[in-house]
Every structure is written in structure tokens, then in C-alpha cells.
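> Kindly generate the corresponding structure for this input.
(6 chains)
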6 protein chains.
Amino acid sequence: MSGLTHLDENGAARMVDVGSKAETLRKAIAGGRIHMSAKALGAIRDGDTPKGDVLAAARIAGIMAAKKTGDLIPLCHPLSLDSVTVDFRFEEDALTVQATASLTGKTGVEMEAMTAATIALLTIYDMAKALDKGMIIQHVRLLEKTGGKSGTWRADQ
Amino acid sequence: MSGLTHLDENGAARMVDVGSKAETLRKAIAGGRIHMSAKALGAIRDGDTPKGDVLAAARIAGIMAAKKTGDLIPLCHPLSLDSVTVDFRFEEDALTVQATASLTGKTGVEMEAMTAATIALLTIYDMAKALDKGMIIQHVRLLEKTGGKSGTWRADQ
Amino acid sequence: MSGLTHLDENGAARMVDVGSKAETLRKAIAGGRIHMSAKALGAIRDGDTPKGDVLAAARIAGIMAAKKTGDLIPLCHPLSLDSVTVDFRFEEDALTVQATASLTGKTGVEMEAMTAATIALLTIYDMAKALDKGMIIQHVRLLEKTGGKSGTWRADQ
Amino acid sequence: MSGLTHLDENGAARMVDVGSKAETLRKAIAGGRIHMSAKALGAIRDGDTPKGDVLAAARIAGIMAAKKTGDLIPLCHPLSLDSVTVDFRFEEDALTVQATASLTGKTGVEMEAMTAATIALLTIYDMAKALDKGMIIQHVRLLEKTGGKSGTWRADQ
Amino acid sequence: MSGLTHLDENGAARMVDVGSKAETLRKAIAGGRIHMSAKALGAIRDGDTPKGDVLAAARIAGIMAAKKTGDLIPLCHPLSLDSVTVDFRFEEDALTVQATASLTGKTGVEMEAMTAATIALLTIYDMAKALDKGMIIQHVRLLEKTGGKSGTWRADQ
Amino acid sequence: MSGLTHLDENGAARMVDVGSKAETLRKAIAGGRIHMSAKALGAIRDGDTPKGDVLAAARIAGIMAAKKTGDLIPLCHPLSLDSVTVDFRFEEDALTVQATASLTGKTGVEMEAMTAATIALLTIYDMAKALDKGMIIQHVRLLEKTGGKSGTWRADQ
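Reported below is the predicted structural model:
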């Protein structure tokens, strides 16, 4: 027994059966950052001034990707999300993202939050790569989950 | 002028016109890693023994995601990829991924390689999260690109 | 406060949280028309005689698009539709479409009905554009919605 | 009256309204096989030894396709599946697949099981076609369904 | 003979064979508008001030939809677009959209431009419908196409 | 060495590199059938009379699925198809489908033709399953391919 719930007793991949699980309110928050040069960071901040399209595009991309999680991650259940939000914060040498997803359902939304955060960061990479190809996506992780049988979990600080 | 090619002179997002660019052979390699507990790493390694489904699922997910890049990243061109490969390596406290994409076309495949690497890592997170919710995706970056007008670029070691 | 529910207090886009809303039966009807030359209209009518493929293709396209609404409209929730129908009527200088969508859920299906109507009209444009590039899509609007907290709404005649 | 539930009284296609149906536990099992040369069968079996990627890829493809059923089959409802599994068995001159899907919902999952089985078989065809273009997909059918108003149904042996 | 190129001699739908057509630079411009109340128009304008998310979301939605045209319109060819842009203009009682698509290829991009314009307008409807359900999408049409065997075409003013 | 081109020397799945292959005209024809009761067959034939929606829906579904082949079959390249057609023929106890796909490109379209045939058959199953759950999809196979380095191949009669 490997402890990996997505493998059956023969090691074959499967979508775990959630049919007998209760519908509860579930929420997950994921975070991450993209480290970049001062030049790229400045361009995003400035490009952002008139129309907000850089962060707006990344936010929209993250929200839309959360809805596609079941289409991207092979063994994720397709979910009817209640909400998704994606927020950014400028740091000295990086842009930080935090994504929150929630639903009332039988299975958690950790992957939806993680996917939203990741695709938002990739979108920023795409939009600024003409200025800095060496940007690095760092520290993408689950920050918190609530609801479900296993209850609340929080990442170490 | 922000220097961000995906914004026009008003800061509005656009898909950059590649109509006048030449078709050349282009290739990109992206890498990343997912840090995890010894327990999760061992389970993936063992779960991998009989049927290979953990890494196989992550590899397939990464390859399929590369083909969806234009559907995920708002301003990416839809591309006819020539090839995609995704490889893993076990390290002491992490699993490392390297993704390579290539095409003969007018625009580069950096985002396709980055997307393949990222979704492969997210799939590993999904399959092992029952054992370790604290896994962290780290150091996702472009390692190398060749072809196109700007020629070869390699990340600093 | 802009009154736009898809923007938060900072003006950032978000998917509105419907977690606390009740599941009720909701229905929406949208309509629209495509104005065209007598020649194009006649060809659709005649092409329709033997196999019905023009309107059949547009109807199928509209129904399938309703199911993709959450994938097309950035801040729409992914919904489990109960039903979708798409109907056409020939007028003197136009073809009229009416699309109906319904579900038992937490949020309305206005966008699903609007998307079905619109994509059905675009499909007709595509299939007849060899005869008349000057066709015009007109008067696409919500005709009626029922269910949900805001209750019934009907467009002015 | 044709008896075809997907056509209305005029013969027009529609997505059947399931709004008044009860949510019950529903399950469906579909099976099929792909007949091939001894050489192709041996290569899959051997290719399968070290990493399992042939059957693993086909299994993942089948599971992912089950989630896309509503996007592929025009009049299928989009469903929130509880589980999907795909299993293979080697026979003398063929590889057999069995796919199971389940949900708690208003409509059955026969098409999800049929789609998973079919796409898994097509993936095997794709991966072995360099060795044997003459492979034949055979006997794809529903084996069993349970739940819903019409209750249990089993295929003749 | 109906003159409808998407129907064969029996009236059956088909994707027209473009195999023998030459690759040329092709471009299409589509336009449309959404009529709305002063209140909704003002909210979009104001909501647009701080972060630009309303028009930014609609612009991104239009660009992404152009890339999905072959997935939405049954008989459209999947195309490798060179560029897509979406622009808005405020009028007294409406918001106007203009979408441009181009590629170097065997078939025109009229449907891509039309789809981008339409989905951008639907996104605006979605984001402002809490303020005005009676908004009407009007006058969606092809404004201009260039390239290909049939050459340049312009809509009547 | 397994002879399976989709596995590398370690048995890991990969998308085969077609970068150095020449662009030639390639075509593939696939066939299959769905065996059913006289009652179901009659209903499809009759349901087909007024509006043609049963076969029209299956034809559209097959054509649209051909365009999604790269999204369904993990290691298929995304292709820019030149044409797709899907045809049906009534037999005594079955409905037969034949699908043809073509492109000018670096890799064959066998999987596109096979996918079109299969999804067309599944759509017929879906639309007639209320009358006959025991329908069986049979004999799905490649009938012919032309073009490419390996030249012409035809199935045994």
C-alpha cells in the first residue's frame, strides 16, 4: 500500500470515488511568487498604470484556469466552483500571487487554487519575457484549506 | 513605452503580430522541482515500481498541457508543436522535472515548455497531497531556448 | 462602489461567491437575429430541405456552446445545465433564433442562453458567408429570466 | 413520435430537460477490445514492463475523456462525475478494456463510460500503429448500468 | 446546388477542403456594439478607472475566443493565427467593439474576428448585467477582409 | 527496443519529433459501424426524415471531434486539418460510418479519421439509447492512408 489515493492496489491510476462523501463548504488558498529583474518589475508596474492589462490578464488567466483544473490535472474531479479570486502584491524583487477557491461539494479545491496561482504566474512570465527571460517561479504552495473530513490545514510559516 | 510586447501604445493587451517573422526551428527547455517529505517521495518511488502510474500520469499531463498553452495563457499564439518530452529525476528531498518543446514556426515555444513543466509538477502535487500537503513547487524557469531572431539563450547556472 | 458585481472594492475582476445562495430552478430565454440577402436566406431554406444540415449545425453549435459558457466568459461559473434548446424562425429578411437554458442551481443561466443564441447565429454566418458577407447579427438580448432571488424579469416588447 | 428522446416533436435536436429528475447514485460499465497482431500485442506488453507508459497513457486518456463527454457528444449533459476507472486485460489476440463511471446526479453516466473505453482504445491504436495499422476496435458496448428511474440493465452475455 | 460551400451535393455538412489553396496573408476586421443604459455605461467607465478590469476582461475574453473559433463553429478550420486585437470605444448609449485577426494561411479569418467581437460583447453583458439586464448586442458584422483568392471586401458604410 | 515510436529508450511516453519530416499531402479514411435493433434503426431513419437531426448531429460531432484529436489522444500532434467529412449508410442491422481527414503537413491524419468515426458512432449511441441500450460499436478501423514517407496503405478487405 503506497498511501497514494490516486493509485489502486495494483498501482493503476484512478479517479478516487467521492460518491459517499458529504457536501460541505470547502475553501483553499494557494500562494506563489515570480522573481524578476527590477527592469521587468518596473515595466509591469508602469504598464499597469494606464489600463491595468498586465495584472488584469494574469488575474483573468488564473480564474479561467481554475475552471479548467479537471481538464488539466488527470485525476481531478470536475468541480462546480462557488468562487475564485486572484490577488497580486509587488515585492522588492518579485511579484506575489495569492489565489482562493471555494465550493460546496464532495471534494476539496486545493488543486483549483494551486492551478489559478500557477497559471497567473506563467501569464506574467509570458507578458514580461521580452524584458527578462530569467524570471523564476518560486514557492508555489498550498497556504490553507478548510472544510471536508480532514478539516483545516495551514502551511508552516 | 513599457517594453512589454504584449501591450500596445495605450497599455491594452494584444496578441503580438508574428505575420512577418520567418519560420525557423525553435526549441525551449524548462525546468522545475517539487520539494516534499521523505514519506511522499518514497511513496511516489514505490508507487512507481509496479505500474509507473505516478510519473506516467504527470508526464502525460505535462505533454497534454503543452498542447493547451494557447488556451491557457491569454496572449500566446496557438502553435503546431513538433515534439514535447517531459523527464523526471529523483533528488534527496525533491522530484525534478525537465520539459522540452520544439517546433518549426514563427514564434518561440518557451511558454509551452514552461507550461508542460508546471502542470507535470501540479499533477505530482495532486497525486501525493494525501501524504504531504506541504509540498512546494520551486525554481520553475526557462533553462534554454534556441532558434528565432534572438538566437540562443541559456539561464545562469 | 461601481455596482458591477464582478469587480471587488479595488476594481479587480473576481468570480462572485455564490456559496451561500440557494439552489432554485432557474431559466433564461435569449433571442437574436441575423439579417441577410434574399439569396442567402433562400439558400439556407433550400439547403435545409434535403438534410437540414444548416439549421441542424447551428442548433448543435448553439447547444454545445451553452455548455462551454464558463470556458468562454471569464467570470461565469461552470454550471451543470438541466436543458438547452435552440429554435429558428424564418422572417422576410432575416433568420431569428431563440435559445432557452435551465438548471437547478445557485446562479442564473442568462449567459448560457445568450451564448447559445450568439454562437448559433455565428454558425449561420459561417455557413452562408460564401453567398453574403454583409449579413448582420442584430438584437441579441435576454428575453426572460425566472428563478433566483431577483425573480422574474422580462424584456420590454 | 420517433421514441428518440433527443429529438423534439419536430425532429429538432435538444438537450433533454432533467430538471425534475431525482438525484440518485448512478453507475455504468462499458467494455470493448482492440484486436491486433501478436507483434503489436507483444510490444505493448514489453513496452509496458519498465515504465508502464502504454497502458498508463491509455488509462489516463480514458479517464480524461470521460470528463470531456459533454464537450464531445452534442446532447450530453455536463456532469460532475464521482469516479472513473479504466482497466485492461491481455487476451490472445487483443487487448480488452473495461471502464466504469459513477455519479450522484439526475442523469446516467453510460456515455461517460462508453467514451472512456473508446478513447482508451484509440490511444492504444495510436501508440501501436507504427507496428500494426490493421488493428480493429471491436465490441464497444454498455455492459451494465444501475440507478435512475429505469433501474438496473445488463447486457446479454 | 445551394451555393452553400459547407454542404455537399446531398446537403450534408462538411469541412471544405482547403488543401489546394495557396498560403497568403489574410486579415479580417469585425465590429459590433452593445447598447445599454447610462447607468451601466457609467459604471463600466468608472469601474474602468482604477484597474481597467472590465474592458481588460472583455478584451482578453475576445482574444482567447478567437483562438477557440474552430472549437465553437462546427465547420471552421483550426487556424494558427498570427495576431488578434480587440478595441473598444465609448459612444453615447453604447460601447463599440472592433476586432482584427490575421494569419498567413489557406483560409480566411472572418470567423475569428467575428467570434472575438461577439465574445467580447457577451463578456461586457455578463459584467454589467446586475445593473442593466436589457442591454442589446447590435450590428455585429464583418467590416473588411483582405487576402485570399476573393481579395478585398469592405462592408457598405 | 519495443518498436513503439511513442516510447523512448526507457519506455517513457513522448510526442515523437516530426521537425525534420517533409510537409506532404496526407489523407486517411476510417470506417466503423454500430449494430442495433430494427426498432432503433427505424427510429433513426424516421427521426431523420423531417429535420435530419440524428445523422446531422452525429456528423457534426464527428467533424468537431476530429479537430480535438490532439486534445484527446495524449501523444498526437495538434494538426491544422485541411478537410474532414463524415458519411453514413444504413445497413440491415446497423448504421455504417466512414470518416475522411486530410492535411498538408508533417504527420499523418489516421487518428483524426479514427476519432471522427468513433465519436460519430458514440453520438448515435447516445441519441438512440433510450430505445436500445444493447447497441454495439464494431469494426472501427483504418481503411486507407496516403501520403507521407510510408506511402499508401490499405486495409485487407
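
> Stretch A:31-47 and chain C, any residue contact?
No: contact of stretch A:31-47 with chain C (CB under 8 Å from any CB of the partner chain) is absent, the minimum separation being 15.2 Å. C-beta coordinates here come from the backbone N, C-alpha and C atoms, glycine included.

> Same check on stretch A:79-86?
Yes: residues of stretch A:79-86 contacting chain C under CB under 8 Å from any CB: A:79-86.

> Ends of that stretch, what's the gap?
18 Å (CA to CA, to the nearest Å).

> what's the answer for stretch A:31-43, then?
End-to-end distance (CA to CA), stretch A:31-43: 23 Å.

> That one and chain B, are they touching?
Yes: contact between stretch A:31-43 and chain B, assessed by CB under 8 Å from any CB, occurs at A:32, A:39, A:43.

> same deal with stretch A:117-136?
Yes: legend: contact between stretch A:117-136 and chain B by CB under 8 Å from any CB is shown at A:118-119, A:122-123, A:125-131, A:133-136.

> Okay, buried residues for that stretch please.
A:117-129, A:131-133, A:135-136 (16 or more other CB atoms under 10 Å in any protein chain shown).

> In helices, which of those residues fall?
A:117-128 (DSSP state H).

> Report the separation between residue A:6 and residue A:140.
20 Å (CB to CB, to the nearest Å).

> What of residue A:155?
11 Å.

> and what of residue A:83?
For residue A:83, the distance to residue A:140 - CB to CB - is 21 Å.

> Have a look at the two and say which one is more surrounded.
Neighbour count, other CB atoms under 10 Å in any protein chain shown: between residue A:83 and residue A:140, residue A:140 has more, with 27 against 19.

> hang on, isn't residue A:80 packed against residue A:105?
Yes: when contacts are counted by CB atoms under 8 Å, residue A:80 is listed as touching residue A:105 (6.7 Å).

> list the residues that contact both of these two?
residue D:80 (CB atoms under 8 Å, 6 or more residues apart in numbering or on different chains).

> Look at these two and report which has more neighbours.
residue A:105 (22 against 19).

> Let me see the backbone angles for the more buried one.
The phi and psi torsions at residue A:105 (degrees, to the nearest 10) take the values phi -170, psi -170.

> Who are the contact partners of it?
For residue A:105, the contacting residues are A:23-24, A:26, A:79-80, D:80, by CB under 8 Å, 6+ apart.

> Tell me what it is bridged to.
Counting by DSSP bridges, residue A:105 is bridged to residue A:24.

> and it, what pLDDT?
We note a pLDDT of 89 for residue A:105 in this prediction.

> One more: the one 4 residues further on?
In this prediction, residue A:109 carries a pLDDT score of 96.

> Burial check on it, number of neighbours?
Burial of residue A:109 is recorded as 30 neighbouring residues (other CB under 10 Å).

> how about the closest residue to it other than its chain neighbours, secondary structure?
Distance criterion CB to CB, 6 or more residues apart in numbering or on different chains; nearest residue to residue A:109, sequence neighbours excluded, is residue A:101 at 4.2 Å. With DSSP: H, G, I helix; E, B strand; the rest coil as the basis, the three-state label of residue A:101 is strand.

> beta partners for residue A:101?
Residue A:101 forms beta bridges with residue A:28, residue A:84, as assigned by DSSP bridges.

> any idea how far it is from chain F?
24 Å (CB to the nearest CB, to the nearest Å).

> repeat for residue A:14
17 Å.

> Now for the residue nearest to residue A:137 when sequence neighbours are not counted, which secondary structure element holds it?
Spatial nearest neighbour of residue A:137, excluding adjacent residues (CB to CB, 6+ apart): residue B:140 at 3.9 Å. In this structure, residue B:140 sits in strand B:136-146 according to DSSP states H and E.

> returning to what we had before: tell me how many other residues crowd the residue nearest to residue A:109.
Neighbour tally, residue A:101, other CB under 10 Å: 32.

> Hmm, residue A:114 and it touching each other?
No: the pair residue A:101 and residue A:114 fails to qualify as a contact (CB under 8 Å) at a distance of 9.0 Å.

> And the furthest pair within the contacts of residue A:105?
By the measure CB to CB, A:24 and D:80 form the most distant pair in the contacts of residue A:105, at 15.2 Å.

> Next up, the contacts around the residue nearest the centre of chain A.
With distances taken as CA atoms, centre = their mean, residue A:114 lies nearest the centre of chain A, 2.5 Å away. Contact analysis of residue A:114 by CB under 8 Å, 6+ apart lists A:28, A:30, A:99, A:140, A:142, B:122, B:125.
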